[in-house]
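> With the sequence up front, the predicted model follows.
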Amino acid sequence: DTGVSQDPRHKITKRGQNVTFRCDPISEHNRLYWYRQTLGQGPEFLTYFQNEAQLEKSRLLSDRFSAERPKGSFSTLEIQRTEQGDSAMYLCASSLAGNQQYFGPGTRLTVT
Amino acid sequence: DAKTTQPPSMDCAEGRAANLPCNHSTISGNEYVYWYRQIHSQGPQYIIHGLKNNETNEMASLIITEDRKSSTLILPHATLRDTAVYYCIVRLMGSGGSNYKLTFGKGTLLTVNP
């Protein structure tokens, strides 16, 4: 069990640029989740996949955000035309069905 | 999911037991109590969960009151590395329905002092 990994760990970008984050879940976990966490707050749910199907998206996920999980393995989260308000920690988690979720270390995004 | 209420912060001396309370008075019969913690700049870490019986694992013990309206997470011998934000979360269990997400509050910042 190598745990959930995320790449990159830190990303600094200029407003208006596009960024993409990657998450590799624990192998054999069929569910994958994305959360966002801003300073002083708990993580907030963004979206989740069961295998390759994206089953739920939060209202927090604007049209500038898109997530994919091709082949039901790793997942990517892309933010287009970044805004300063997108600055946050983006967390990925995985689980086997509805069991406990295991989180990765997160990607910290800073939009300047 | 039922809402939870936790104190914003607590202190504990190293080597002593840390008892973190959580109120979840609107919990329903098929909802579990989960505890996660988040050490600074890391992702949340699963600690323990339970339905109505007390639970214990290598990290902590979970005590749930008989009416299930509150619970306490116990770290029996707190160390400096236990300093973290602790989140109490109520969620449905099982593979289907709306149990796909965790709803985090602000949690309790536990500071373990030397």
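Now that the structure is in, tell me what you want to look at.
> can we go C-alpha only for contacts and neighbour counts from here?
Fine.
> And for B:Ser25, nearest residue in space, chain neighbours not counted?
Closest residue to B:Ser25 apart from its sequence neighbours, by CA to CA, 6 or more residues apart in numbering or on different chains: B:Lys69 at 4.2 Å.
> okay but the one you found is in contact with B:Glu31, surely?
No. With contact defined as CA atoms under 8 Å, B:Lys69 does not reach B:Glu31; the gap is 11.3 Å.
> Please identify which of the two sits among more neighbours.
Of the pair B:Lys69 and B:Glu31, B:Glu31 is the one with more neighbours under other CA atoms under 10 Å in any protein chain shown, namely 20 against 15.
> Grab the nearest non-local neighbour of that one.
B:Glu31 sits nearest to B:Leu92 (CA to CA, 6+ apart), 4.4 Å away.
> Could you give the number of residues near that neighbour?
Using other CA under 10 Å: B:Leu92 sits among 23 other residues.
> what's the answer for A:Ser5, then?
The number of residues near A:Ser5, taken as other CA under 10 Å, comes to 21.
> A:Leu46 now?
Quick note: A:Leu46 (other CA under 10 Å) scores 22 neighbours.
> what does the helix or strand containing it contact?
Element membership of A:Leu46, judged by DSSP states H and E, is strand A:44-50. For strand A:44-50, contacts defined as CA atoms under 8 Å, 6 or more residues apart in numbering or on different chains pick out A:30-37, A:54-61, A:69, A:72, B:100-104.
> circling back: and the residue nearest to B:Glu31, how far from A:Gly106?
Here the criterion is CA to CA, to the nearest Å. By it, B:Leu92 lies 25 Å from A:Gly106.
> Likewise for A:Phe74?
Taking CA to CA, one finds A:Phe74 at 15 Å from A:Gly106.
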